[in-house]
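> sequence first, predicted coordinates after that:
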Amino acid sequence: MKCISTPLTLIIGFIFLLFPIVINAQTTETPKPESEVKYPQFQFKGLFQGRFLAAMTDDVDVLGLQHSTGEVTKTSFDVKRMRVGVNTKISPETEVVVLVNLADFKSDPKGKVLENAYAKYTFSKYAALVGGQFRAPFGIEDQVSVDIIKSFDFSNQYYEFGKNGWTSFQLGASVLGSAEIGKIPIDYAITIVNGNGKDQEKDKDNGKQYFTRWVFGLSKKNKINLGLNGGMGVVFTQDVFAVGADITSNFKLADKLHLELQAEYKQGTNHNLYFSLPVDGRTASVSDYQMRGFYFLPNLRYSIAYNRLSSIEISCRYETFDSSYKIDSNVRQTYTPMISLEFGKAYTGRIELGFTLDNYEKDIPDTSVYSSNLFLIQLQCRL
């Protein structure tokens, strides 16, 4: 750590000097009456996320890969995301959304780059129809963009469930809306997807995955929401399932101080792992391969409103995840402490500093399944 302290100090100082230049003041416009609005309307968006990475574990590189022999890349700059998108409102009810991540071109872009590509028709607040490629609603992390989450990136379970067709960008259709039961507001989504990820020419088989998400507003004052998820499907004639539950809240501790809490549990069939194994190296039933995970994410936010600095946030996500807890269990525990400085409104600009501390129950040499520690500085700008 001593060998990189000086470069880190210079980098942090440079970023702080840069931000007053790249963050501009925001303006608001008075909305026009609906009768004066002309269509189509275009809203262009963008996101830049650049990072400095420093591996802090011997023989492990910045991507988490352990090397038994040879030189290891211990520090590196990286562009995590360079997103460009457009939301086109064709009518008051119809919109088309396109989002691409140009940073995916740095490696093989096959199955990457195009993220959102869908159309949405809103009948009323009770029902809207979405079709195309979109983030299927199956948990907290599917409801928020990566640029406003309270950590560096999504959780390990989010990406693993995405590989199995339940989260992240999927091709399919969804009906969603809002209603009330008594005084309890409810958001719902009912979804059907191919289940083999984004940017695919066709479904991998004739099976589909069906799932639903229901969110109940339990407290308006403290913004306590309970989410329940469940799904089933067929993959290469094998029955698969996934379930989950989550809760979020936001407690006002003082005028400018808030404590935001998230907790989420998921469990489901890891058919992606099952079908990646040789036939003679797995059991006869896909149900023997199940994944489960839990994470807890507290975030303390202080609204400072000092010049362009809007807030300071401190968070630390704890996560435990096992990709196959019934057979060859190998629990992965991850701690992600982070401090975030927000500039402008709604994370227009953001500087994040912290660590990703990974611990596996069993380390496997020369793979990324290996305990390691990583230091990160992440610079974010939303356009």
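Looks like it arrived, so ask away.

> in the helix or strand containing residue 265, what's buried?
Per DSSP states H and E, residue 265 falls inside strand 257-269. Under the neighbour-count criterion of 16 or more other Cβ atoms under 10 Å, strand 257-269 has 258, 260, 261, 262, 263, 264, 265, 266, 267, 268, 269 buried. Every C-beta, even on glycine, is put in place using the N, C-alpha and C of the backbone.

> then stretch 138-147?
By neighbour count on 16+ other Cβ under 10 Å, the buried set for stretch 138-147 is 138, 139, 140, 141, 142, 143, 146, 147.

> pLDDT averaged over that stretch, what's the number?
Stretch 138-147 shows a mean pLDDT of 91.

> which other helices and strands does the strand ranked longest in the chain contact?
In the chain, assigned by DSSP state E, the strand with the most residues is strand 290-306. Contact analysis of strand 290-306 by 3 or more Cβ pairs under 8 Å, 6 or more residues apart in numbering; DSSP states H and E lists helix 156-163, strand 257-269, strand 309-322 as its packing neighbours.

> specify the angle between the shortest one and strand 257-269 in degrees.
Following axes from the mean of the first three to the mean of the last three Cα atoms, to 10 degrees, one obtains 40 degrees for the angle between helix 156-163 and strand 257-269.

> and the contacts of the very next helix or strand once past helix 156-163?
Counting by DSSP H and E, the next helix or strand C-terminal to helix 156-163 is strand 169-181. Under the contact criterion Cβ atoms under 8 Å, 6 or more residues apart in numbering, strand 169-181 has outside partners 115-116, 124-137, 162, 185-195, 197-198, 200, 203, 208.

> what comes up buried for stretch 41-53?
If you call a residue buried by 16+ other Cβ under 10 Å, then stretch 41-53 has these buried ones: 47, 48, 49, 50, 51, 52, 53.

> same check, this time on stretch 298-309
Going by neighbour count (16+ other Cβ under 10 Å), the buried part of stretch 298-309 is 299, 300, 301, 309.

> look up how far residue 314 lies from residue 209.
To residue 314, residue 209 is 37 Å away according to Cβ to Cβ, to the nearest Å.

> pick out whichever of the two has more residues nearby.
residue 209 (26 against 15; other Cβ atoms under 10 Å).

> mind checking which residue lies nearest the centre of the protein?
Residue closest to the mean C-alpha point of the chain, counted by Cα atoms, centre = their mean, is residue 154 at 3.7 Å.

> isn't it right up against residue 141?
Yes - counting by Cβ atoms under 8 Å, residue 154 does reach residue 141; the two are 5.0 Å apart.

> and of the buried residues of stretch 298-309, the nearest to residue 239?
residue 299 (37.8 Å; Cβ to Cβ).

> bridging across strands, which residues link to the closest one?
On the basis of DSSP bridges, residue 299 is bridged to residue 260, residue 315.

> from memory it sits against residue 259, does it?
Yes - assessed by Cβ under 8 Å, residue 299 is found in contact with residue 259 at 7.5 Å.
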